[in-house]
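*Asks:* Predicted structure and sequence below. I'll ask about it afterward.
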Amino acid sequence: GKFLLRIEDTDRKRSTPEAINVILDGLAWLDLLPDEEPVYQSKRIERHIAAAQKMLEDGYAYRCFCTPDELEERRRASGDYMYDRHCLNLTEAEIQQKLADGEKFALRIRVPEGRVSFDDGVHGGMQVACTEIDDFILLRRNGAPTYMLAVVVDDADMGITHVIRGDDHLSNTPKQILIYRALGKRIPEFAHVPLILGKDRKRLSKRHGATSITEYRDAGYLPETMINFLGLLGWSPGDDRDIISRRELIELFDISGIQSKAAVFDDARVRWLNGQYLGMTDYGKVEGKLERLAEDAASAGELTEVPDSKEIKTAWDLLKTRIHFLNDLFTDCRYMFRDPDVYDGKGVRKHFLQNGVVDHLQVLADDFSSLGDFRAASVEAAIRKRAEEWEVSTGKLIHPLRLACSGVTGGPGLFEMLEALGRDTVVRRINNALNWIKSLNNK
């Protein structure tokens, strides 16, 4: 099959160049590239008009001279209004007179008797009585084609075989089938998937946060995350997996796996999933992006200077399984690049303001200064040796050390973090913390 892209841009107010670029940029970021050049609906208006004219000539449509004011008056008079086919009953002489007088008209479909039936890939067998379908407009009074007509003509001309779309279009399908029939075109297979809802079970909208794919890109999500998350949103391969690759999605997808109930967009879940993908990402794939983020962080004052690539890679390899977004490396984990200037308040009370802490930190700083091998195993051995000598739990030394070197109480494995920071940085930060504690005790 082919992946074809059509930009439905006949609504000039909504279809701005910026709005169209959001679509194109988002698809490019996800590496979902169409097999042919995009088709712009606005460039096919003459084709749409020609199709409507053929329907008129073949008796499947008729001119409606009713003005908007007249139609509105009838709607007010009838609570559940459907067009009353006033203009269908005009004689040919009356029609020609109105045309000669220059009266504007819309073109309406002439809905036949009977029923419209179709098999939906998600909802199953569907049927609608034609008496429930209004003689809807094909061409407006200004000559502009309606969406209902344009989408059918474009799908037919582009050879679309499967229409998979949101179930808010389910009610449009019988109307569009009538147009396919009138034009003598092959009717495609339809499948209407449930809409995505927010956590409040209401249709996802801007009030729920980011709604365009490029907003998620700019927020720090990976394209693999969004493909995985959206692929499993309302569809299942038949198991409870959380991680699925693009290739697996292609191999396993079957429309029968689409749920008939609406799926909820879970921000916490997509955030978690992004963290999983970051943890599987090699530094080389994100090196350029991380370097740009480091420059931004330095400009914003998050970092005192721009770290070099080696420092960034060391931090990435240590922390990539603990962060959710690339920028977390320079915000939540900025202690990898700058000395702490504040210490976690609860951590201070629990780990700094205890008997023996100052003496323990001072001795450990001296031990580290003279330690020949500053790799994680050697650092761990030195700490455990002192804990045994002082008859305290290892945690009594690990927690104050972490707070002194990072300013926070959580993070990666301490021994690996100290190795990544390096001897000079670790000793300097311990001494800074000692001076801070002593100044606090002197107040």
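*Replies:* That came through, no problem. Residues are numbered from 1 along each chain as shown.
*Asks:* Can you give me the buried ones in stretch 105-122?
*Replies:* 105-111, 116, 118, 120-122 (16 or more other CB atoms under 10 Å). Where C-beta positions appear, they are placed from N, C-alpha and C, glycine not excepted.
*Asks:* now do stretch 151-169
*Replies:* Counting neighbours by 16+ other CB under 10 Å, stretch 151-169 gives 151-156, 160, 163, 167 as buried.
*Asks:* Take the residues you listed and keep only those in helices.
*Replies:* Counting by DSSP state H, the part of these found in helices is 151-156.
*Asks:* Contacts for the longest helix along the chain, please.
*Replies:* Counting residues, the longest helix found in the chain (DSSP H) is helix 423-441. By CB atoms under 8 Å, 6 or more residues apart in numbering, the residues outside helix 423-441 that reach it are 339-340, 343, 352-353, 357-358, 361-362, 364-365, 368-369, 371, 374, 401, 403-405, 418, 421.
*Asks:* just stretch 306-324 next, same as before
*Replies:* 220, 271-272, 274-275, 278-279, 281, 283, 286-287, 290-291, 294-295, 298, 329, 332-333, 336-337, 411-412, 416-417, 420.
*Asks:* How about stretch 342-362?
*Replies:* For stretch 342-362, the external contacting residues (CB under 8 Å, 6+ apart) are 386, 390, 392, 396-397, 399-401, 403-404, 407-409, 430, 433-434, 436-438, 440.
*Asks:* Now with 7 Å, please.
*Replies:* Stretch 342-362 has contacts (CB atoms under 7 Å, 6 or more residues apart in numbering) with 397, 399-400, 403-404, 407-409, 430, 433-434, 437.
*Asks:* Same question for stretch 381-399.
*Replies:* 351, 360, 363-364, 367, 371, 409, 414.
*Asks:* List the buried residues of it.
*Replies:* Quick answer for stretch 381-399 (16+ other CB under 10 Å): 382-383, 386-387, 396-399.
*Asks:* same thing with stretch 89-100?
*Replies:* Applying 16+ other CB under 10 Å to stretch 89-100 flags 90, 95, 98 as buried.
*Asks:* can you give me how far it is from the chain middle?
*Replies:* 53 Å (CA atoms, centre = their mean, to the nearest Å).
*Asks:* Narrow the contacts of stretch 342-362 to those that are buried.
*Replies:* The buried subset of those (16+ other CB under 10 Å) comprises 397, 399-400, 403-404, 407-408, 430, 433-434, 437.
*Asks:* Could you dump those into a markdown table with pLDDT added?
*Replies:* Listed next are the buried ones among the contacts of stretch 342-362 as a markdown table, based on pLDDT from 0 to 100:
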| residue | pLDDT |
| --- | --- |
| Leu397 | 98 |
| His399 | 98 |
| Pro400 | 98 |
| Leu403 | 98 |
| Ala404 | 98 |
| Gly407 | 98 |
| Val408 | 97 |
| Ile430 | 98 |
| Ala433 | 98 |
| Leu434 | 97 |
| Ile437 | 95 |
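*Asks:* Just name the closest of those to Ser378, please.
*Replies:* Leu397 (15.2 Å; CB to CB).
*Asks:* before we move on, what SS does the closest one have?
*Replies:* Secondary structure, DSSP: H, G, I helix; E, B strand; the rest coil: Leu397 is helix.
*Asks:* Going along the chain, name the helices of the stretch 251-400 of the chain.
*Replies:* Taking DSSP state H, counting those that start in this stretch, the helices of the stretch 251-400 of the chain run over residues 267-279, 283-299, 309-319, 345-347, 357-370, 376-390, 395-406.
*Asks:* contacts for the first one?
*Replies:* What that stands for is helix 267-279. 209, 221-222, 224-225, 228-229, 243, 320-321, 323-325.
*Asks:* Domains in this structure, by residue range?
*Replies:* The chain resolves into domains spanning 6-193, 206-278, 281-336, 345-441 when parsed by automatic domain parsing.
*Asks:* From start to finish, how long is the longest one in a straight line?
*Replies:* End-to-end distance for domain 6-193: 19 Å, by CA to CA, to the nearest Å.
*Asks:* Apart from its neighbours in sequence, what residue is nearest the residue nearest the centre of the chain?
*Replies:* Nearest to the mean C-alpha position of the chain, counting by CA atoms, centre = their mean, stands Ile213 at 4.3 Å. In this structure, Ile213 finds its nearest non-sequential neighbour in Gly26, 3.6 Å apart by CB to CB, 6 or more residues apart in numbering.
*Asks:* Please apply the same query to Ile137.
*Replies:* In space, Ile137 is closest to Ala106, 4.9 Å off (CB to CB, 6+ apart).
*Asks:* That neighbour against Asn142, yeah?
*Replies:* No - counting by CB atoms under 7 Å, Ala106 sits too far from Asn142 to count as a contact (9.0 Å).
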